[in-house]
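**Student:** everything below, folded, please.
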Amino acid sequence: MAEKIRTVVMGASGRMGQMLVSSLADHPRLTLTGAVEHEGHAWLGQDIGTAMGGAARGVEVTSDALEAIASAQAIIDFTVPAVTVATAALAAQARAVHVIGTTGMTEDDLARIDAAAHHARIVRAGNMSLGVNLLVALTKKVSAALDTDFDIEVVEAHHRHKVDAPSGTALMLGEAAAEGRGAALHDVYVAARDGITGARKEGTIGFSAIRGGDIIGDHDVIFAGPGERIVLTHKASDRALFAKGALRAATWAFDQEPGHYAMSDVLGL
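**Tutor:** Residues are numbered from 1 along each chain as shown. Modelled structure (predicted):
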């Protein structure tokens, strides 16, 4: 039997961090060897398993990302842009896999991740689920089949604690819709509307974000044309599906050459 891939979870105490730690418990190819949190976190020095209220896992929560990653072969990261960019540089030094589910990154952040991908195997996606990535592919196909008589709106809903908007998934969908029309999203992007906005400009793609309660993630792509509407929808009901996708990405990327990949590559879409 092949030796398991040594895996570090960044932001181990977060919603996705804990889900990843739990999902790694019985994984056939990946094993948890590191759990990283920020300086001053209450869990530092504790076993990640007992900190989560379960059995000990033999992995102590640390704030020393460099030490944790130095011997790692894979890093899974659903944190914040500044942490993710710094982690990408460490992944490049370690020649490790870096699976990134972090959203809200700037063009400069993405450029630094691209640079790290010369040595690391990076898989980055606004959403790791199979269903969402199929939705992205369908969005591009439908957009290409319709002309600009059909207005495109992307509507997303998430829990009250989400800090960025639109969601990374919404932006993936918007990019797919723009690509279907042969446009760049930044040229046709319209943020949430307020006040007297005037008539809609033909060919634009609008975004709306809803925040409330414990909504895991709902996304609609609306194609509204004369006399008819087409609505493509994905609703997430279990955060475990994102963890499952991230672990699948880490396993897939372990056997690849250095580069910057998407979930469409992992899923063969």
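
**Student:** going forward, measure contacts and count neighbours with C-alpha atoms only.
**Tutor:** OK.

**Student:** tell me the domain ranges of this protein?
**Tutor:** What automatic domain parsing lists as the domains of the chain is 5-124+239-267, 130-236.

**Student:** now for the residue most central in space within the chain: which residues touch it?
**Tutor:** Closest residue to the average C-alpha location of the chain: Gly101 at 2.8 Å, with CA atoms, centre = their mean. By CA atoms under 8 Å, 6 or more residues apart in numbering, the contact set of Gly101 is Ile76, Asp77, Phe78, Thr79, Arg124, Ala125, Gly126, Asn127, Met128, Ala246.

**Student:** Ala243 now?
**Tutor:** Met16, Met19, Leu20, Ser23, Met128.

**Student:** Glu3 now?
**Tutor:** By CA under 8 Å, 6+ apart, the neighbours of Glu3 are Arg29.

**Student:** so it sits in a strand?
**Tutor:** No - under DSSP: H, G, I helix; E, B strand; the rest coil, Glu3 falls outside any strand and is assigned coil.

**Student:** can you pull the phi/psi pair for it?
**Tutor:** phi -70, psi 140 (degrees, to the nearest 10).

**Student:** that one and His159: what is the separation?
**Tutor:** 38 Å (CA to CA, to the nearest Å).

**Student:** and what of Asp108?
**Tutor:** For Asp108 relative to His159 (CA to CA), the value is 27 Å.

**Student:** which of those two has more neighbours?
**Tutor:** His159 (15 against 10; other CA atoms under 10 Å).

**Student:** these two touch, right, that one and Ile216?
**Tutor:** Yes - the criterion here is CA atoms under 8 Å, and His159 meets it with Ile216 at 6.0 Å.

**Student:** got a list of what the nearest residue to the residue nearest to the centre of the chain once chain neighbours are set aside touches?
**Tutor:** Using CA to CA, 6 or more residues apart in numbering and skipping the chain neighbours, the partner closest in space to Gly101 is Phe78 (4.8 Å). Phe78 is in contact with Met10, Gly11, Met16, Gly17, Thr84, Ile100, Gly101, Thr102, counting by CA under 8 Å, 6+ apart.

**Student:** just the ones of those residues in strands?
**Tutor:** Met10, Ile100 (DSSP state E).

**Student:** dump the contacts of Phe78 to JSON lines, plus pLDDT and distance to His260.
**Tutor:** As requested, these are exported to JSON lines (pLDDT from 0 to 100; distance: CA to CA, whole Å):
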{"residue": "Met10", "pLDDT": "98", "distance to His260": "19"}
{"residue": "Gly11", "pLDDT": "98", "distance to His260": "22"}
{"residue": "Met16", "pLDDT": "93", "distance to His260": "22"}
{"residue": "Gly17", "pLDDT": "96", "distance to His260": "22"}
{"residue": "Thr84", "pLDDT": "98", "distance to His260": "14"}
{"residue": "Ile100", "pLDDT": "98", "distance to His260": "10"}
{"residue": "Gly101", "pLDDT": "94", "distance to His260": "13"}
{"residue": "Thr102", "pLDDT": "94", "distance to His260": "14"}
